[in-house]
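In: Pasting a predicted model and its sequence here:
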Amino acid sequence: MSDLVLPARAQPNSAARRRRMPIAVAIAITWLAAVLFVAIFADWLRPFGITALDLRARLTPPVGFGGSWAHALGTDELGRDVLSRLLVSIQMSLRIAFGATIIAAVFGTTMGFLAAHFRGWVEQIVLMLIDFQASMPFLILALSVLAFFGNSLLLFTCLLGLYGWERYARISRGLAIAANAQGYAAAIRQLGAKPMRIYLGHVLPNIASTLIVSATLSFPEVVLLESGLSFLGLGVQPPMTSLGNMVGYGREYLTRAPWILLTPSTVIVLTTLAVSLLGDWLRDRLDPTLG
Amino acid sequence: MTALLRLDAVAKIYPGQRGLFHKSPDVRAVDGVSLVVEAGRTLGVVGESGCGKSTLGRLALGLERPSEGRVEFDGAAMPPPGSDAWRRLRARMQLVFQDPLGALDRRLTIARQIEEPLVIHGIGDAAARRARVAQLLIDVGLGENLAARHPHALSGGQRQRAVLARALATDPALLVCDEPVSALDVSIQAQVVNMLIDLQKARGIAMMFISHDLKVVRQVSDTVAVMYLGRIVEQGEADQVLAAPQHPYTRALVSAVPTPGRTARERIVLVGDPPNPAARPSGCAFHPRCPVAIAACAVETPILRAMPDGRSVACHLAQPNMDLAA
């Protein structure tokens, strides 16, 4: 039989290809590991407090540009250590971005499964919410919510979690309906399994790779959104700091002290790029039938 | 023999599309079908594509609610799909799918999937389940080394054996096989069919075997029901019906099976359009293609009448001991 021969020939090839991790992905993982490490241990790693002023050393450039090792990445307009602020900003931004991505994924997938399971009017309502969410300019929604309810870190994270849930809902609804119509989910249902078992035990693992890839693609967007909202002064409020917050306040000194703005910008670019690369690679990696 | 499954005038109607200016007609996929599957025996359901065979199978399993009529399993009415009683009943009736790759979860190993129904219905502890899975794998002729494989690493025949092992895990009383071998190539078909027959004999399972392949049906079935456009046109002992068919449609089907040593001229070739359930002809649904149709066929719908030899035929021209070869 031909389908017995083909995998045997393709196997060593694909196995070798899968074992070898592309160099870009390796770098991306290393970078993300470092960022995670920083996010967890920021409070031990930072040499100064984020509000500690050193008024005699204001706008000191980084090492190599005329600065000293006392402030490795220089200081800002109030003489606060940029490196310390950067480390805490990474912690803050990652916390928000991870929290928001998880909220969006869990909420969206749940809505998608509910729509796929109940169909009928439940599905109509979910689809209506999806269209509503997709057609709403998110920035305006965020502005109004933050203006009405004030600003807290929890609310801000939940608000960002609202961003992008409709993508998970669309994906999980479509894939669950397909699995229900014909295929493994119908077979498991026919065996007498309860809906929870079907959706959490079978459908979710089967569509997890798609959802994870979608999450890695939307994670950078959430980081950028957080940065954007903080830049507008709506996100993280001083004296707390985040990557977007640093960029926002650093722009006034763009010509005189570009390092205040450039260091957090670089971290944003590298982190979002790393997550995107990782997501791209994971998509291929997580599919057991591929290759 | 006791009736394990009884279908009483069962119909499944799918409503047509209702537009603003037009309304497409309702589709009567299954229309007033009554039949009985006896414990330990096999009923073959034959017919061409779109005649409602698969829908009939799903109705028999209670996967869909009949629009009309009544389905009884083991003397009790079929509970509505999704209820607890329905879910418990799944352990006693199982479906074997046409597409084994689609029916298996590609992320789980074969052993895990065969174990699944045992876990769902809470049968045995972990050790007992493992032993049962090992026994099932032997029963369906899969090697122990395949237990840890994923579905995509198996061949088509092996996959169908795995599906069968999963269906047999809870020791069901009824097995509905929906075209179980039509996705396999001929040599594998014979193996799987023989295995199915052996397993059925050994375990006393009642089977509803849905197929368009008359050769396989003849090999497997005790009784046969021939369907045309949602209705049964001929029903009876497999040997009688397939050896000496009385309904003109059954005759055409039987004559289409190639047999060595017979000349091609004997074949009855049906003319006209293949059946469309949305546009059902008046009277006998088969009359536009029937080689022996008379005027009454276009007006009056024939009912299924019992013949002296035990079979039932739905044809105006079917008379006891009458030869239809015109």
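Out: Perfect, I can see it now. The model shown is predicted, which means the values in this text are computed figures rather than measured ones.
In: show me where the chain has helices.
Out: By default, I'm working from chain A. Taking DSSP state H as the test, the helices found in chain A are A:2-19, A:23-45, A:82-118, A:120-135, A:138-149, A:153-162, A:165-181, A:184-190, A:195-196, A:204-231, A:243-250, A:259-285.
In: not quite, I wanted chain B
Out: With helices called from DSSP H, chain B shows them at B:53-61, B:84-89, B:100-103, B:110-120, B:126-139, B:156-168, B:186-203, B:214-220, B:238-243, B:248-255.
In: Format those as a markdown table; extra columns: mean pLDDT and mean neighbour count.
Out: C-beta coordinates here come from the backbone N, C-alpha and C atoms, glycine included. A markdown table is the format used below for the helices of chain B (pLDDT from 0 to 100; neighbours: other CB atoms under 10 Å in any protein chain shown):
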| stretch | mean pLDDT | mean neighbour count |
| --- | --- | --- |
| helix B:53-61 | 89 | 24 |
| helix B:84-89 | 90 | 14 |
| helix B:100-103 | 86 | 22 |
| helix B:110-120 | 91 | 22 |
| helix B:126-139 | 91 | 15 |
| helix B:156-168 | 91 | 25 |
| helix B:186-203 | 89 | 16 |
| helix B:214-220 | 89 | 20 |
| helix B:238-243 | 88 | 18 |
| helix B:248-255 | 88 | 22 |
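In: In JSON lines, list those helices along with distance to residue A:263.
Out: Formatted as JSON lines, the helices of chain B follow (distance: least, CB to CB, whole Å):
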{"stretch": "helix B:53-61", "distance to residue A:263": "64"}
{"stretch": "helix B:84-89", "distance to residue A:263": "59"}
{"stretch": "helix B:100-103", "distance to residue A:263": "53"}
{"stretch": "helix B:110-120", "distance to residue A:263": "50"}
{"stretch": "helix B:126-139", "distance to residue A:263": "55"}
{"stretch": "helix B:156-168", "distance to residue A:263": "56"}
{"stretch": "helix B:186-203", "distance to residue A:263": "65"}
{"stretch": "helix B:214-220", "distance to residue A:263": "73"}
{"stretch": "helix B:238-243", "distance to residue A:263": "82"}
{"stretch": "helix B:248-255", "distance to residue A:263": "79"}
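In: Please produce TSV containing the ones you listed, extended by distance to chain A.
Out: Formatted as TSV, those follow (distance: least, CB to the nearest CB, whole Å):
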stretch	distance to chain A
helix B:53-61	7
helix B:84-89	5
helix B:100-103	4
helix B:110-120	5
helix B:126-139	14
helix B:156-168	7
helix B:186-203	8
helix B:214-220	20
helix B:238-243	27
helix B:248-255	27
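In: which of the helices of chain A sits most buried?
Out: Most buried of those, by mean neighbour count (mean count of other CB atoms under 10 Å in any protein chain shown): helix A:243-250, with a mean of 25.
In: Nearest to chain B, out of the helices of chain A?
Out: Between chain B and the helices of chain A, the tightest spacing by CB to the nearest CB is seen for helix A:184-190, at 4.1 Å.
In: Would you mind listing what in the stretch 151-291 of chain A touches chain B?
Out: A:182-184, A:186-188, A:190-194, A:197, A:202, A:205-206, A:288-289 (CB under 8 Å from any CB of the partner chain).
In: Mind doing that once more with 6 Å?
Out: Residues of the stretch 151-291 of chain A lying close to chain B by CB under 6 Å from any CB of the partner chain are A:182, A:183, A:184, A:187, A:190, A:191, A:192, A:193, A:202, A:205, A:206, A:289.
In: Need the nearest residue in space to the fourth one, chain neighbours excluded.
Out: Going back to what we said before, that points to residue A:187. Distance criterion CB to CB, 6 or more residues apart in numbering or on different chains; nearest residue to residue A:187, sequence neighbours excluded, is residue B:103 at 4.1 Å.
In: How much space separates the nearest residue to residue B:241 once chain neighbours are set aside from chain A?
Out: Spatially, and ignoring its direct neighbours in sequence, residue B:241 is nearest to residue B:224 (4.8 Å; CB to CB, 6+ apart). From residue B:224 across to chain A, the span is 25 Å (CB to the nearest CB, to the nearest Å).
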